[in-house]
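**Q** sequence and computational prediction follow.
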Amino acid sequence: MLFTYAVNVPWMDDTDAFPDFLGRFLEAKSFDERLWLMFKPNNEHRIVYAKLVNLLHYGVTGTLNMRTLTIISNITLLGMLWIFWRVIKEQKLSAYYFLPVPLLLLHPQYYLTSIWTITGFQYQPVVFFGLLGVYLLSKNTDWTFLGAAFAVFFDSFTMSNGLFYWIVGMMILALQGRYKMLGIWAIFTVATFMLYFYKFDNQANDQGFDYFFKNPHESFFGFFTHLGGSLDFQTLSPILLRSIVPTIFGFFLIFISIWWIFLKEMALYEDFSVGEYWAKLQKKFNAEPSNYIILGCFLFLVINAVVIAILRPRFGYFVMIVGNYKIYPATMLVVIYLMLLTGWLKFNKNIDNFKWILIVSIVFYVFSYLKFLPEVHERRKDLLTRIFNQEHNQIGLGPILGSDFDRYVQVALGRLIPNGIYQYPQTIFKDSEKEILSELPDNQPIKVNVLKKDNEIFIVNQDLKIGLGINDGTYLILKSSKRTYLIYQKRSVPEFFKSGIEMQIPPQYLVPDTYQIGIFSVNGNEKKIFNANQSVEVNY
């Protein structure tokens, strides 16, 4: 999927971390300025890892290539698989027990992380580097303690969520009974937090807390909705209906985790003693240190979910299950499976129980691809039309014409394009560029209707058949005396099997003018440009 759908297009937040950062870094006159650029917050995070890889890629290739960087960003997924494999290996379990792990983790549900460069260098690495620190802590040596501290420190500057692993580390060291090391870890924790939040703007978080105090119920349910987000298959439904299944599933996952961590160690009708119970927990985890990997990952995901549930509902409840967060519930599925494996299947001689889990994992994997791969398929075409418009109209990657962000994108790319550091990608539109930019042909007529609904403009055709190929689609050409725009409207799965189009002209995207209407149709190797012999006035 990565090699097919990753594209050399800096989309939205990519601009800040990649073209703008690289251009400014290369123009910087002093070491202090470069150091400031490296650690300067981007939105709400310091993203040193992304910037380091950006510089390393430039140092090797002399270019900025977003496709290559996107592919590189997914390497940490392999690191996560390796750490989860260590749990299987260190508990001396058969290798086939590992089979559900990649099925539950490697799928397109979180494509807004895996094929979006900036999120790919944040959400996946923040899980991996912190998990690496937990793995090193589980080894219970002085040298691995130092390695863990470095891994979590680096993780903290991958994105701010990495700071949560410092809290996780404290809990693990307390369970290990390493109280001297716990004190040292606490000092590292305070130092890292102070360094991270030095001259850091927390205004956005203050707004999140204000919303939380007014709507605490959203945060309570949002916590479970987020953790159960892997069952978010009703993405086109209203948010209330859409969130029911993930929320119920989130409650179920938390129940399993409580059983694994706490209830397995409790005997019915036994007098409860905090000291004795703590000793049992220590004995449980120290007898099988790889359980710390499961516990550490779980604690991170829970702390992370709490913070998301408190700070993010102000943007809308849908953010609890937004696509670029779904690496977290996907990882949660793996953690819960490992809990079931180490707490139940490991001691259960009936292999049929594992077979059922494996079957469910396969079904989940297949359904994830059937549901989300079409969205990945359509996103690629949308991005490629936008980069065409950016090249020819200086609009596309900044979605609102004349906005500050629109100008920001132009300036950022303007530093890199003249000297060849960034080059617009070779696409099907680039191959047909001459024909698209030329006058619309007189010998290829097509009938379209122009509809206006509530100040929105739609171009409608009922006849064109659209294939399923990677470039197949009906692309709207809008041509004035000075400009030519390409517009693509992403299709949902039911629309894949219908003829015709109903395509909205995006608001605040085109320079106000009167535009001739054309259609660029791609169906396999067949490419045609049609002339609607109509025009539309765009002024919104």
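**A** Perfect, thanks for sending it. Just so we're clear, the structure is a prediction, and the values are computed from it rather than from any experiment.
**Q** tell me how many other residues crowd Leu35.
**A** By other CB atoms under 10 Å, 11 other residues sit near Leu35. All C-beta spots, glycine's among them, are computed from the backbone N, C-alpha and C.
**Q** could you give the separation of the one helix or strand it maps to from the chain centroid?
**A** Taking DSSP states H and E as the criterion, Leu35 maps to helix 31-39. The offset between the C-alpha centroid of helix 31-39 and the centroid of the whole chain comes to 27 Å, using CA atoms, centre = their mean, to the nearest Å.
**Q** angle of the very next helix or strand once past that helix against helix 31-39?
**A** Downstream of helix 31-39, the first helix or strand assigned by DSSP H and E is helix 48-61. Helix 48-61 and helix 31-39 are oriented at 120 degrees to each other (axes from the mean of the first three to the mean of the last three CA atoms, to 10 degrees).
**Q** just how off-centre is helix 48-61 within its chain?
**A** 20 Å.
**Q** ok, residues contacting the strand ranked longest in the chain?
**A** In the chain, with assignment by DSSP state E, the single longest strand is strand 526-538. For strand 526-538, contacts defined as CB atoms under 8 Å, 6 or more residues apart in numbering pick out 428, 432, 435-436, 440-442, 444-448, 450, 457, 459, 477-478, 505, 510, 512-521.
**Q** and the closest residue to Phe25 other than its chain neighbours, what is it in contact with?
**A** Using CB to CB, 6 or more residues apart in numbering and skipping residues adjacent in sequence, the residue nearest Phe25 is Leu37, 5.3 Å away. The contact partners of Leu37, taken as CB under 8 Å, 6+ apart, are 21, 24-25, 28, 51.
**Q** tell me which two of those sit farthest apart.
**A** Farthest pair in the contacts of Leu37 (CB to CB) is Ala28 and Lys51. Separation: 12.6 Å.
**Q** of these two, give the one with the bigger neighbour count.
**A** More crowded of Ala28 and Lys51, by other CB under 10 Å: Lys51, with 22 against 15.
**Q** where in the stretch 251-400 of the chain is pLDDT low?
**A** 265-272 (pLDDT under 70).
**Q** let me fix that: the stretch 101-250 of the chain
**A** Using pLDDT under 70, the stretch 101-250 of the chain drops low at 203-204.
**Q** now do the helices in it.
**A** Per DSSP state H, counting those that start in this stretch, the stretch 101-250 of the chain carries helices over the ranges 111-114, 117-120, 123-138, 142-156, 164-176, 179-196, 203-214, 216-227, 239-242, 244-261.
**Q** please compute how far the fourth one lies from its chain's middle.
**A** So that's helix 142-156. Distance, centroid of helix 142-156 to centroid of chain: 25 Å (CA atoms, centre = their mean).
**Q** same deal with the second one?
**A** On the basis of CA atoms, centre = their mean, helix 117-120 sits 7 Å off its chain's mean C-alpha point.
**Q** any chance of the contacts of Leu37 in a markdown table, plus secondary structure and distance to Pro238?
**A** Converted to a markdown table, the contacts of Leu37 look like this (DSSP: H, G, I helix; E, B strand; the rest coil; distance: CB to CB, whole Å):
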| residue | secondary structure | distance to Pro238 |
| --- | --- | --- |
| Phe21 | helix | 39 |
| Arg24 | helix | 43 |
| Phe25 | helix | 45 |
| Ala28 | coil | 49 |
| Lys51 | helix | 39 |
